[in-house]
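>>> I would like the atomic coordinates for the input below:
(2 chains)
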Amino acid sequence: MSEKILSAKSGKDCHAGHTVVCRVDCALGTDGSTPMALDYFEAMDAKRVCDPRRIVLALDHYAPAPSRATGLLHQRMRAFAALHGILLWDVGEGIGHQLIVESGRAWPGGLTVGGDSHAVTYGALNTFATGIGSSDLAAILACGRMWLRVPESIQVALVGRLPKGVYPKDIALALAGKLGADGAIYQALEFSGPGVAALDLEDRLVLSNFAVEMGAKNAIFPADDKTFEYLAQRAFLGNSLAPSQAVDPDPHASYVREIILDLDSLSPQVALPHKVDQVIKIQNEHEGARGTPVQMVYLGTCTGGRVRDFHQALAVLKAGGGVAAGIQLVVTPASRAVLEALSRDGTLAEFISMGAVIGTPGCGSCCGTCGAIPGDGVNVISTANRNFKGRMGNSNSAIYLASPASCAAAAVAGVIVDPREVLP
Amino acid sequence: MTMISPESRLELSGRARVFGDDINTDYIITSRRKRESLDPQILRQFLFEEVDPHFAASVEPGDILVAGNNFGCGSAMEVAVTAVLGSGVRAVLAPSFSRTYYRNAINNGLLPVICDTQGIREGHRLLVSHHEKMTVNNLTTGESITADSLPQIMLDIFQAGGLVPYFREHGDFRV
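Okay, the predicted model is just below:
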């Protein structure tokens, strides 16, 4: 599927291993990557943005600005966007990746990239999506194109259905454990199999988002009714920028590796500090995750901050009778639309009544640049995608990664437990 | 800026500074440092502070980073390349890189060399050379390691001194 999209975008019949220059349908810059991109853009002597309709900027990593320096970065981005007629999502709108998906800027057969590694998320929509740095973003601002090496593909076949208490994040963590943090370097993950149809689009976003934690260049799902239903509910911008053209794998497509994941037999997983691929089953007591005390529970991020994530977490919290004493529960919706939905359906009020701290929609505490920073010796269990030492702003804390339900179960028990022990 | 072309020789020599597997960009330079400054001369003071607190004070211009698998994984932040360049390091050797780090390195004129690094120890004297093929000579042990060559477009960008000078010259990608 990746070969087909890159062939269409480069105008060349390309195959894995080729390097091609592609026209980019849409590119995201965040406050983490754009200020440096503007430095490169100016140093390139570029005067105008090639196609402002295809660029969008998000103020999400420092939201709201926690310092004067970040406030100045935001001012610079707002001024650049206004000067060149570029759409800018300001502080509080949410995480750029979530907004790209919500606003219909990633579509079947499209090429959407982002100045942030988690741009791989959009692959859930049958888009070729990958992360870039600031210099590549500057080149796209200047000429609308980028070079890409066409990746080989790893087929990940999903079979069966997730049992009760087991969620898409558990699939993502299990896959990271199986492949390792470098198991898919330079390669594409191509999801397939009967298990895909059972996953809603928001579930698929969780899996594609996590692909970069295995080193993957991109992750791509086939397009089906759920893809088109999701797009139909949104202001679909695809056709005004480039035609939506769903791609399917060839029947005889070649893969460098084929992995089968049996969802029926999957159980809740947890990634131990400080490696995303050090993944074990929560119920495995011998390896020491279950029973570990936690002091902070974090619900949010571009992989775990959507409406259904909060619904899954709330169901566990309610079944367990609320948050245990001594636990700080932090809730950070991925976007304003998510916050509004949680507000409308009463979820937000329930979290507040349980003592949760509600953060500004955005990247929040995930990379330690704003939001709640854990203290020394604190164990955090989080719905995020990274648990590197110091990731949340304090290298004397430890981060466990798990599903929203598993995080909520830890909030109930005060220690890491299998959410099926809490759910009725 | 170091120049290489198929005809001209590239030679970089320096002292090995050794790291392990899966060194992510947050370990190279943390996001919270980037938050306050993008200046490589400021950021270089905090290089590898999470994993090797003595590195920033002891790095010398010309040192060569030698790492294990998956160097530069995690965030795509480009300061993880420019801060390294700011310290005077001109090349990184690893059996594999995260693709974003590899791209960012080429785009800024930091030479990423894909090669077997198992036999290299802290302080070994290395000579990285490129004429027809990329080779790493370990002057301390006498071992010679053959490395992957750069594909043409990356060679062109690197040869130009990075993506900025490349764009100043061409205004677009030339293939």
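>>> what does the stretch 101-250 of chain A have sitting close to chain B?
Residues of the stretch 101-250 of chain A lying close to chain B (C-beta under 8 Å from any C-beta of the partner chain) are A:115-117, A:131-136, A:138-139, A:142-143, A:145-147, A:149, A:181-182, A:185-186, A:215, A:217. All C-beta spots, glycine's among them, are computed from the backbone N, C-alpha and C.
>>> which among these count as buried?
Neighbour counting with 16 or more other C-beta atoms under 10 Å in any protein chain shown marks A:115-117, A:131-136, A:138-139, A:142-143, A:145-147, A:149, A:181-182, A:185-186, A:215, A:217 as buried within those.
>>> out of these, which are inside helices?
Using DSSP state H, the members of these that fall within helices are A:134, A:135, A:136, A:138, A:139, A:142, A:143.
>>> and of those residues, the nearest to residue B:93?
Proximity of these to residue B:93 (C-beta to C-beta) peaks at residue A:135, which lies at 21.7 Å.
>>> now do the contacts for the closest one.
A:36, A:37, A:40, B:78, B:104, B:107, B:108, B:162, B:163, B:164 (C-beta atoms under 8 Å, 6 or more residues apart in numbering or on different chains).
>>> how much space is there between the third one and residue B:78?
Counting by C-beta to C-beta, to the nearest Å, the separation of residue A:40 from residue B:78 is 9 Å.
>>> shared neighbours of the two, anything?
A:134, A:135.
>>> which pLDDT value belongs to residue A:310?
For residue A:310, the pLDDT comes out at 98.
>>> with residue A:261 instead?
Per-residue confidence (pLDDT) for residue A:261: 97.
>>> that one against residue A:156, yeah?
Yes: with contact defined as C-beta atoms under 8 Å, residue A:261 reaches residue A:156; the gap is 6.5 Å.
>>> show me where chain B has strands.
Per DSSP state E, chain B carries strands over the ranges B:10-18, B:64-66, B:91-94, B:111-114, B:125-131, B:133-138, B:144-147.
>>> now distance to residue A:173 and mean pLDDT too, for those strands, in a markdown table please.
Shown next, in a markdown table, are the strands of chain B (distance: least, C-beta to C-beta, whole Å; pLDDT from 0 to 100):
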| stretch | distance to residue A:173 | mean pLDDT |
| --- | --- | --- |
| strand B:10-18 | 31 | 94 |
| strand B:64-66 | 30 | 98 |
| strand B:91-94 | 26 | 98 |
| strand B:111-114 | 29 | 96 |
| strand B:125-131 | 38 | 92 |
| strand B:133-138 | 37 | 94 |
| strand B:144-147 | 34 | 95 |
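>>> may I see these organised as JSON lines, with mean neighbour count added?
Formatted as JSON lines, the strands of chain B follow (neighbours: other C-beta atoms under 10 Å in any protein chain shown):
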{"stretch": "strand B:10-18", "mean neighbour count": "18"}
{"stretch": "strand B:64-66", "mean neighbour count": "26"}
{"stretch": "strand B:91-94", "mean neighbour count": "25"}
{"stretch": "strand B:111-114", "mean neighbour count": "22"}
{"stretch": "strand B:125-131", "mean neighbour count": "18"}
{"stretch": "strand B:133-138", "mean neighbour count": "18"}
{"stretch": "strand B:144-147", "mean neighbour count": "15"}
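>>> including distance to chain A, could those go into TSV?
Output for the strands of chain B, formatted as TSV (distance: least, C-beta to the nearest C-beta, whole Å):
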stretch	distance to chain A
strand B:10-18	18
strand B:64-66	17
strand B:91-94	10
strand B:111-114	10
strand B:125-131	18
strand B:133-138	17
strand B:144-147	16
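>>> remind me, longest helix of chain A?
Scanning chain A for the longest helix, with DSSP H as the assignment, gives helix A:68-84.
>>> for the record, mean pLDDT for it?
Here helix A:68-84 scores 97 as its mean pLDDT.
>>> and it with helix A:134-143, angle?
Between helix A:68-84 and helix A:134-143, the angle comes out at 20 degrees (axes from the mean of the first three to the mean of the last three C-alpha atoms, to 10 degrees).
>>> got the contact list for helix A:68-84?
Outside helix A:68-84, the residues within contact range by C-beta under 8 Å, 6+ apart are A:29, A:31, A:34-35, A:38, A:48-49, A:52, A:55, A:57, A:59, A:62, A:65, A:86-88, A:90-91, A:369-370, B:35-37.
>>> and these, which are buried?
With burial judged by 16+ other C-beta under 10 Å, the buried subset of these is A:29, A:31, A:34-35, A:38, A:49, A:55, A:57, A:59, A:62, A:65, A:86, A:88, A:91, A:369-370, B:35.
>>> strands - which of the residues you listed land there?
Using DSSP E, the members of the buried ones among the contacts of helix A:68-84 that fall in strands are A:29, A:55, A:57, A:88.
>>> compare residue A:261 and residue A:156 (neighbour count), which wins?
residue A:156 (27 against 19; other C-beta atoms under 10 Å in any protein chain shown).
>>> next one: phi and psi at the more buried one?
Residue A:156 has phi and psi values of phi -110, psi 100 when expressed as degrees, to the nearest 10.
>>> distance of residue A:374 from chain B?
Relative to chain B, residue A:374 is positioned 13 Å away (C-beta to the nearest C-beta, to the nearest Å).
>>> could you give the number of residues near the closest residue to that residue other than its chain neighbours?
Nearest non-adjacent residue to residue A:374, counting by C-beta to C-beta, 6 or more residues apart in numbering or on different chains: residue A:397, 3.9 Å away. Counted with other C-beta under 10 Å, the neighbours of residue A:397 add up to 22.
>>> now residue A:278
Residue A:278: 17 neighbours (other C-beta under 10 Å).
>>> pretty sure residue A:129 sits in a strand.
Yes: remark: residue A:129 belongs to a strand, assigned using DSSP: H, G, I helix; E, B strand; the rest coil.
>>> in chain A, which residue sits furthest out from the middle?
For chain A, the largest distance from the centre (C-alpha atoms, centre = their mean) belongs to residue A:45, which lies 33.5 Å off.
>>> that one reaches residue B:168, doesn't it?
Yes: applying C-beta under 8 Å, one finds residue A:45 in contact with residue B:168, separated by 5.7 Å.
>>> and stretch A:3-23, what's its mean pLDDT?
The pLDDT scores in stretch A:3-23 average 95.
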